[in-house]
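In: Quick one, structure for this:
(one chain, ligands or ions: 1)
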Amino acid sequence: MSYKAIYRQWRPKNFDEMVGQEHITKILINQIQMNQTGHAYLFCGTRGTGKTSAAKILAKGVNCLSTNQKPCGECDNCKSIQDETFMDVIEMDAASNNGVDNIRDLRESIKYPPAKGKYKVYIIDEVHMLSTGAFNALLKTLEEPPSYIKFILATTEVHKLPATILSRCQRFDFRRITEQEMMKRMKYICTHIHIDMEESALMLIAKNADGSVRDALSILDQCLAIGEGTITREEVINVLGTADDEFMLTLTDRIAERDTLNAISLIHEIMTQGKDVQQFMKDWIYHYRNLLMSKITKDLESIVSMSPENIERLKAQGQKLSMPSINNAIMELSKTSAEAKWSSQPKILLEMAIVKLSAPEMNTSLDGLLERITILEETIRTGHQLKSTISDEKASEKPVKKEKGIEYPKVENQDTHFQLKENNKDYQKLWDKIIADARKERPSLTMLNNGIIIKSIDENTFLLHAESESKKEYLNRNKDLIEELFEKHALRRLKLQCVTGFAKSQIKEDNNNDDEIKKELESIFGRENISIVEE
Ligand SMILES: [Zn+2]
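Out: This next block holds a predicted model:
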């Protein structure tokens with residue numbers, strides 16, 4: 001038997017099985033029992049809230065042969081409507097049949113009474129997609145349909161329907177399904193198909209389903225496809241390609257601290273893990289929504305699905321942020337998310353949003369921003385004594401010159417341009433030390449944490465490879481500091497040179513110790529001059 005998606009398999013077959021629409025199902029059940037159904041219905045609501053399911057159940061209800069509860073689900077009519085073989089229930093997707101001709105055909109077929117059932121039921125999905133001409137044609141039919149005809153129109157965008165259509169239909173608004181209702185439904189299904197799921201995994205699915213049972217069940221489906229045994233929150237995170245709470249809290253902290261570059265470098269990090277930009281923005285908007293909630297309710301635990309520790313962090317973060325700044329973030333990210341849908345470069349739009357959020361007063365081009373941050377940092381640096389990373393004596397003698405006390409060794413083989421071996425670990429360690437210090441001076445240099453390698457060192461220069469133009473540029477802007485720190489750790493004053501182009505995979509994890517770096521450096525510079533400085 002071929003695999004049937006959960007949301008199809010578990011589509012409600014009667015009104016009792018429907019989730020979260022009791023305000024509608026009660027009325028429809030009554031109408032069917034009392035034989036007082038109308039001739040035209042309009043079902044409105046976001047996707048996945050049960051509109052088409054309700055339409056089919058209603059079609060069954062009016063055609064059910066049972067004398068008791070309708071629809072019975074047992075009689076011939078109920079069964080063949082369930083199997084979609086019943087000739088008198090006609091489903092039409094207005095998205096692909098939106099022309100006047102389609103509606104004319106429909107009007108033509110209305111002339112013929114039902115073949116088998118009591119009523120001919122036309123279900124027109126996404127009815128807002130009809131053309132104006134088609135609407136007008138439909139209108140005439142809705143005005144005075146034969147008594148054996150029922151129309152059920154469904155739409156996700158009711159505001160696009162002409163008032164003339166609205167006024168001729170009984171309108172029902174399907175509401176978005178709450179997370180609690182969604183979880184209840186998923187638990188019910190999981191119990192029946194013998195699947196174990198962590199409570200937090202279900203919560204995460206419910207949160208991401210955005211009020212749609214269909215979305216929730218198709219996420220569940222994907223989780224079942226990859227998981228074995230109990231399905232964990234971690235697996236759901238993987239399926240969703242979503243970022244976890246931890247990450248959102250950290251990123252939002254960076255924004256609040258106006259630390260643009262670190263925020264952007266966090267984004268780079270998560271995007272290289274293959275996260276989807278759209279999903280990411282959705283999650284982030286949701287995070288700001290949670291912050292908003294933290295401001296207006298004390299009982300955050302019941303509406304936010306997070307670990308207790310992260311709820312505490314969320315509360316603390318909420319206190320730091322003003323209501324307008326949270327609102328602004330939600331607006332800005334929603335706007336960006338909408339634009340990104342049509343963009344071939346959604347990541348750039350996300351970055352621009354980050355710049356705007358973290359530095360609203362600044363020139364919003366990235367170049368302008370880098371420029372200003374570099375200037376700011378330089379100002380801070382020259383205005384103050386360097387704190388601790390560079391020895392006091394050096395700091396007071398800026399710009400650093402070759403000090404008399406230090407003898408620079410002759411490089412024995414002048415022609416040897418020191419080539420970095422592939423997978424070189426020692427230079428990576430050296431670079432890590434340089435950056436660790438650099439960050440203390442200028443936090444934005446965290447950006448150079450990855451994507452840079454020391455490619456080679458010769459008598460006069462150390463050559464860096466940067467993965468991108470922007471990193472190269474940023475290195476050059478901070479040349480003095482990097483050279484200074486190189487000197488601090490390699491005990492040699494060389495000039496920085498930087499070119500772009502390198503592959504990340506060249507760097508591998510290692511467990512090298514400082515002694516090995518020392519050995520390597522000794523072989524370059526001579527024994528006496530090497531000491532690895534620990535912070
Ligand atoms: Zn029946």
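
In: From now on I want contacts and neighbour counts done on CA atoms only, so please keep to that.
Out: Fine.

In: Next, report how far stretch 483-490 is displaced from the centre of its chain.
Out: 40 Å (Cα atoms, centre = their mean, to the nearest Å).

In: And stretch 6-24, by the same measure?
Out: 28 Å.

In: Between the two ends of that stretch, how far is it?
Out: End-to-end span of stretch 6-24 (Cα to Cα, to the nearest Å): 24 Å.

In: which residue sits closest to A115, ignoring its sequence neighbours?
Out: Counting by Cα to Cα, 6 or more residues apart in numbering, A115 lies nearest to D88, which is 6.5 Å off, once chain neighbours are set aside.

In: repeat for T260
Out: S358 (5.6 Å).

In: dump the residue contacts of the one you found.
Out: Contacts for S358 (Cα atoms under 8 Å, 6 or more residues apart in numbering) come out as 254-260.

In: List only buried entries from those residues.
Out: Buried members of the contacts of S358, scored by 16 or more other Cα atoms under 10 Å, are 254-256, 258-260.

In: tell me which of those residues is nearest to K60?
Out: Nearest to K60 among these: I255, at 54.4 Å, using Cα to Cα.

In: Give me the distance between the closest one and the ion.
Out: 59 Å (Cα to the ion, to the nearest Å).

In: got the contact list for stretch 214-224?
Out: The contact list for stretch 214-224 (Cα under 8 Å, 6+ apart) reads 5-7, 47-49, 182, 186, 205-206, 208-209, 231, 235-236, 239-240.

In: contacting residues around the helix or strand containing A263?
Out: Assessed by DSSP states H and E, A263 sits inside helix 260-272. Identification of contacts with helix 260-272 by Cα under 8 Å, 6+ apart yields 243, 251, 254-255, 277, 351, 354-355, 358-359, 443-444, 446-447.

In: and if we set it to 6 Å?
Out: 251, 254, 358, 444, 447 (Cα atoms under 6 Å, 6 or more residues apart in numbering).

In: re earlier: same list (the buried ones among the contacts of S358) but as JSON lines, adding pLDDT.
Out: Formatted as JSON lines, the buried ones among the contacts of S358 follow (pLDDT from 0 to 100):
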{"residue": "R254", "pLDDT": "92"}
{"residue": "I255", "pLDDT": "92"}
{"residue": "A256", "pLDDT": "89"}
{"residue": "R258", "pLDDT": "86"}
{"residue": "D259", "pLDDT": "87"}
{"residue": "T260", "pLDDT": "86"}
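
In: Roughly how far does whichever residue of the stretch 351-500 of the chain sits closest to the ion sit from V304?
Out: Nearest residue of the stretch 351-500 of the chain to the ion: A353, at 55.4 Å (Cα to the ion). Distance of A353 to V304, computed by Cα to Cα: 25 Å.

In: In this protein, which helix is the longest?
Out: What stands out as the longest helix in the chain, according to DSSP state H, is helix 277-296.

In: Neighbours of the residue of the stretch 301-450 of the chain found nearest the ion, how many?
Out: Nearest residue of the stretch 301-450 of the chain to the ion (Cα to the ion) works out as I303 at 40.6 Å. By other Cα atoms under 10 Å, 13 other residues sit near I303.

In: Can you report phi and psi for it?
Out: I303 adopts backbone torsions of phi -120, psi -10, taken as degrees, to the nearest 10.

In: again, but for F135
Out: According to degrees, to the nearest 10, F135 has phi -60, psi -50.
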